[in-house]
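In: with the sequence up front, the predicted model follows.
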Amino acid sequence: MKLIEVRAPGLLTTVQDPGREGFGPLGVSASGAADLVALRIGNRLVGNDEDAAGLEMTLLGGTFYFPDGGVIALAGSNFCAKLDDAPLAGWTSAAVKARQTLTVGATNSGARCYLCVEGGIEVRRVMGSASTHLLSGLGGVEGRALRKGDVLYVAAPKQAFRTFRRRTVNGRGLEKLKPRKLLRVTDGPQSDWFREEAKRVFYGNTFRVTEESNRMGVRLDGAALTGTETGEMISEGVSLGTVQITAGGLPIILFVEQQTTGGYPKIANVIAADMHSVGQLRPRDEIRFERVEMHAAVALLEEQEKWLCSKELILE
Amino acid sequence: MRKDLSREMPTPIRTRFQVASDQSLLVYFDSSHSAQQQSQISKAVHEQVRRFVRLLEAEPVQGVRNLHPGYASVLVNFDALQLRHEKLEEILGGCLERIEQVTLPEPREVEIPVCYGGEYGPDLQSVAELRGLTTQRVVELHAAREYLVYFLGFVPGFAYLGELATELVTPRLPAPRKSVPPGSVGIAKNQTGVYPVATPGGWRLVGRTPLKMFQPDRKEMSLLAIGDRVRFAPISRETFAKLERA
C-alpha cells in the first residue's frame, strides 16, 4: 500500500468524503467535504469514484512526502502548490515520482483546497464514512485534524497498472461550478415569523463572514435584523444550510458539521446547489442573500449535477 | 407484554408538513386545539415522533437520507435529485396513516451517576440562589425524578431529557460558555441533559458524570436512546474518580 507522510499539516487539514448520512436520530450530523463539488471533480481527475476520501485543507495547505509516488490532483481554491520546486497547477492530475514532496501554500482565492490521490485516502470507516467530524472526534485520522508525522495510507486504485494520463477540467464547466458570494436561498420554516422590515435588512444588506466560522457554522456580522419574533421555540431538526437568526438578530448558516437540532427561528435556507460556495467562504468575505423559488433551486441543482456528471467536464 | 400506548392518547394528534429547504421537509405533530402555529411538548406527541421514526427506519423511503427528530417534529432530509416535496408528502402521508400500528419497545431504564456541585457543577450555587433553594435541595429535586429521553440532537449522543421539577426551571445562561467539559449535566428551562463532547453550551451546569455518553466504537454508540427513562444518582468525588478510571 502506498503512503503519504505529513511533513507539515497546514492550518486545518482533515480527511473528508461526502459524509455519513442516516445517524441524525443519534444527533450525528453528516459532516463531509465543505466543498463537495471540488472533491468530486478532484476524484474524477485521478480516476477515483466520486465519493473517495481526500484531504481537505483550510486557508493554508500542508507539506506531503510521497515515498512511493502516485497520481494526485488539487481541486478547489488555488493554494499555490509546488511539487518539489515546480509549480503545480490546480484542477489537473499529475504523476508524482517516488520521494517527491508536495508543498501546498496559502490560498489566494477561497477557503478550501482538496488533495485527491489515485485510489483515495484509506482510513477506518466510522458509521460508513471516512469523513472527519471534528466536534465529536469521529472518523478520519483519530477524529482529528492531521498532525506533523501522521502517515496516511492510499488505497489501491480501481484499475491497476494503468498508464498515467494527464486530465484537466473544462474551463466552461469550471466557470459554471464557480463558488458564489451571492448565496441563493429558499424560505426557511419560520420565514413568516419575520416582519417585512427584517426581511428587507436580510435581503438588502451585505454580511461579513466572521473569524468564529468553521465547519459547524458560518457566523455573519452586519446589520442586525430587527422586528424579529423571538417567541419561544421548542427545539426541532435543522437542515444543512439553514440560516438561523440568533437573539442578537445576526444570521448563522449551519454547515456540514452542524448541530442536528436547534431552537432559533430560521429565516431562509441556502439552496443545495450553493452549499459548496459556503465551503469556500473565508473570514472577512462579504456575502449577500438572494431569494429564489423552490422550482428554481431544484433546476439549479439539476444543472449543477449535469455538469458534474458530464463526460465533457474532464479533458484528457 | 407490550402495552398499546395509542389507546391512552387523550386527544387526536394532527400532523402538518412544512417545507424546510430544497432538500428537507418538516413533519410537525400537534395535540393542541388552539390555532397557534407552535407545537407543544407532550408525551403523547413524543410517542408519535418515535413511532414515525421507527416506521421510517424499518421501511426506508427511497431518496430519504436522514431524519432529525425533535420534541414535536421530524425533519426529513432527502436527495433533491430523486424526490420532490409533493411526492415525499404523499409517501409520508401514507406512513402516517399506518402510524398507530407501530409498536414501541418497553422503555429502557438507565441510571447516570452524577457528582454534583464544586468544579463539576459550577452553576449549582446560582441555580439554588435563583430558585431560593439550598444546593442540597436542588440535587435532591434533580435526582428524585425519572426523565424521558425526548430525542437525541444538537451533538452526537446529547439527550433532551424532560421534564424538570417546576422548582428547578431556570433560564439558560445569559452568555453561553465557549466550551463545556464532556459529561457535564446541565439544566435549561424545563429540560436537563448531559454534554457528551466538549462543545459551546448555555445550559447551567449542576454536576458531571464519569460515564461516556457517546463512543463510536461501542456497540451502542450512544448511552441513551430516544424513549429511554433516565435517573440521576448522586455520587461522591471518590466514586467519580473510581468510575472515571474504570
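Out: Received the coordinates, thanks. Numbers count the residues shown, from 1 in each chain, chains lettered A, B, ... in the order given.
In: other SSEs contacting the worst-scoring helix or strand of chain B on mean pLDDT?
Out: Counting by mean pLDDT, DSSP states H and E, the weakest-scoring helix or strand in chain B turns out to be strand B:199-201, with a mean of 90. Using 3 or more CB pairs under 8 Å, 6 or more residues apart in numbering or on different chains; DSSP states H and E as the contact criterion, the secondary-structure elements in contact with strand B:199-201 are strand B:177-180. For glycine as for every other residue, the C-beta is placed from the backbone atoms N, C-alpha and C.
In: and the helices in the stretch 151-300 of chain A?
Out: Counting by DSSP state H, counting those that start in this stretch, the stretch 151-300 of chain A has helices at residues A:171-176, A:196-204, A:275-278, A:294-309.
In: closest to A:F66 out of the ones you listed?
Out: For the helices of the stretch 151-300 of chain A, distance to A:F66 was read as CB to CB. The smallest value, 26.2 Å, belongs to helix A:171-176.
In: using CSV, write out every CA atom in that closest one.
Out: In CSV, the C-alpha atoms belonging to helix A:171-176 read as follows (Å, rounded to 0.1, in the frame of the first residue of the first chain):
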residue,chain,number,x,y,z
GLY,A,171,-12.9,25.8,-18.4
ARG,A,172,-16.6,26.4,-19.2
GLY,A,173,-17.7,23.8,-16.7
LEU,A,174,-15.4,25.2,-14.1
GLU,A,175,-16.9,28.7,-14.7
LYS,A,176,-20.4,27.2,-14.3
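In: who does the closest residue to chain B within the stretch 101-250 of chain A bridge with?
Out: Closest to chain B within the stretch 101-250 of chain A is A:G237: 2.6 Å, counting by CB to the nearest CB. Judged by DSSP bridges, the bridge partners of A:G237 are A:T261.
In: from memory it sits against A:G263, does it?
Out: No: taking contacts as CB atoms under 8 Å, A:G237 lies outside contact range of A:G263: 11.3 Å.
In: mind listing what's buried in the helix ranked longest in chain B?
Out: Longest helix of chain B, by residue count under DSSP state H: helix B:43-58. Neighbour-count burial for helix B:43-58 flags B:44-56 (criterion: 16 or more other CB atoms under 10 Å in any protein chain shown).
In: any idea how far A:A73 is from A:A52?
Out: Here the criterion is CB to CB, to the nearest Å. By it, A:A73 lies 11 Å from A:A52.
In: mind checking pLDDT for B:Q37?
Out: The per-residue pLDDT reported for B:Q37 equals 52.
In: how about A:D68?
Out: With respect to pLDDT, A:D68 scores 96.
In: how many residues are close by it?
Out: A:D68 is flanked by 13 other residues according to other CB atoms under 10 Å in any protein chain shown.
In: how much space between it and A:L281?
Out: Noted for A:D68: a distance of 36 Å to A:L281, by CB to CB.
In: same check on B:V102?
Out: Here B:V102 is placed at a distance of 42 Å from A:L281 (CB to CB).
In: among these two, which residue is more densely surrounded?
Out: Each of B:V102 and A:L281 had its neighbours counted (other CB under 10 Å), and the higher figure belongs to A:L281 (24 against 18).
In: residue closest to the middle of the chain?
Out: This is for chain A. Geometric centre of chain A, nearest residue: A:A34, 1.5 Å, by CA atoms, centre = their mean.
In: the intended chain is chain B.
Out: Using CA atoms, centre = their mean, the residue of chain B that lies closest to the mean C-alpha position is B:Y160, 2.5 Å off.
In: name the nearest residue to it, ignoring sequence neighbours.
Out: Distances taken as CB to CB, 6 or more residues apart in numbering or on different chains place B:Y150 nearest to B:Y160, at 4.6 Å, with adjacent residues excluded.
In: what's the helix or strand for that neighbour?
Out: strand B:147-152 (DSSP states H and E).
In: give me the helices and strands touching that strand, please.
Out: Using 3+ CB pairs under 8 Å, 6+ apart as the contact criterion, the neighbours of strand B:147-152 among helices and strands are helix B:43-58, strand B:159-162, strand B:229-234.
In: contacts made by the first one with the rest, please.
Out: This points to helix B:43-58. Contacts of helix B:43-58 with the rest of the structure, by CB atoms under 8 Å, 6 or more residues apart in numbering or on different chains, involve A:25, B:5, B:8-11, B:13, B:15, B:27, B:29-31, B:39, B:64, B:67, B:69-74, B:76, B:95-96, B:98-100, B:102, B:104, B:148, B:150-151, B:226-227.
In: from start to finish, how long is stretch A:28-46 in a straight line?
Out: This stretch, stretch A:28-46, spans 31 Å end to end (CA to CA, to the nearest Å).
In: actually stretch A:221-240, sorry about that
Out: The straight-line separation of the ends of stretch A:221-240 (CA to CA) is 20 Å.
In: before we move on, what about stretch A:202-213?
Out: When the termini of stretch A:202-213 are compared using CA to CA, they are 19 Å apart.
In: repeat for stretch B:224-241
Out: The first residue of stretch B:224-241 is 22 Å away from its last residue (CA to CA).
In: alright, calling it a day.
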